[in-house]
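S.K.: When you get a sec, could you give me coordinates for this:
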Amino acid sequence: MAFHSKNEALMCKVFLSSLGLVAMRWFVALEEGSIKSFEELIQAFGARFITCSRVPKSLDSLLSMAMREGETLKTYSNRYWETFNEIDGDFEDVAIRTFKVVLPTEHDLRKSLTMKPARSMHQLMDRIDEHKQVKEDQTQQKGKAKVFPKRDP
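M.R.: Numbers count the residues shown, from 1 in each chain. All right, here's what the predicted structure looks like:
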C-alpha cells in the first residue's frame, strides 16, 4: 500500500490495530497493490463490513406519538426528532403541525405555536429551545428563592 503522507501511514497503523480477527484476515488477504491510499482502504473496508441495517420508520410512527403524562418537553422533543429523523421522505410540514397538536392543550408551547405557527423545522426547533430555556430559568429562580430566603428587617 502506498501512502501519500506520514499522516496517512499513521492512520493505517491505527486502523490495523483496531481490527478484530475476521477483519484482520480480510486485510491480510487483500491483493497486493489493490489499495493505493488510506481512503481506498476505508472504502473497501466499508463495502465489506458495514451494512445499512436501519429500517426506515413510517410516517405513522410520528403521527401516533404523544407526549406522555409527566414527560418533560425536552424528553418528548428528543423522542420526536429521533423518530422524525428515522422517517424517509419529505414530511417537514406534517412534522411541524403534528408536534404542536400532540402537546397537551394547556401547554404553554402549544398556545404559543397556535398564536404564531412555526413556518419551518428550524423555526420550530428554535421555539422549542426558547421554551425549554424559559422553563429552566424559572426552575433555577425557584431554587434560588428556596436556598436564599428573604429575611425580615
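
S.K.: looking at this protein, which helix or strand is least sure?
M.R.: Comparing helices and strands within the chain by mean pLDDT, DSSP states H and E singles out helix 6-17 as the least confident, with a mean of 70.

S.K.: other SSEs contacting the helix or strand just after it?
M.R.: Downstream of helix 6-17, the next assigned helix or strand under DSSP states H and E is helix 21-28. With contacts defined as 3 or more C-beta pairs under 8 Å, 6 or more residues apart in numbering; DSSP states H and E, helix 21-28 has these neighbours: helix 38-49. No exception for glycine: its C-beta is placed from N, CA and C like everyone else's.

S.K.: buried sites along the helix it packs on?
M.R.: In terms of neighbour count (16 or more other C-beta atoms under 10 Å), helix 38-49 has its buried residues at 38, 41, 45.

S.K.: Could you chop the chain up by domain?
M.R.: Dividing the chain into domains by automatic domain parsing, as the record does, gives the ranges 6-49, 59-142.

S.K.: Name the stretch among these that sits most buried.
M.R.: When you average the neighbours per residue for each of those (mean count of other C-beta atoms under 10 Å), domain 59-142 leads with a mean of 14.
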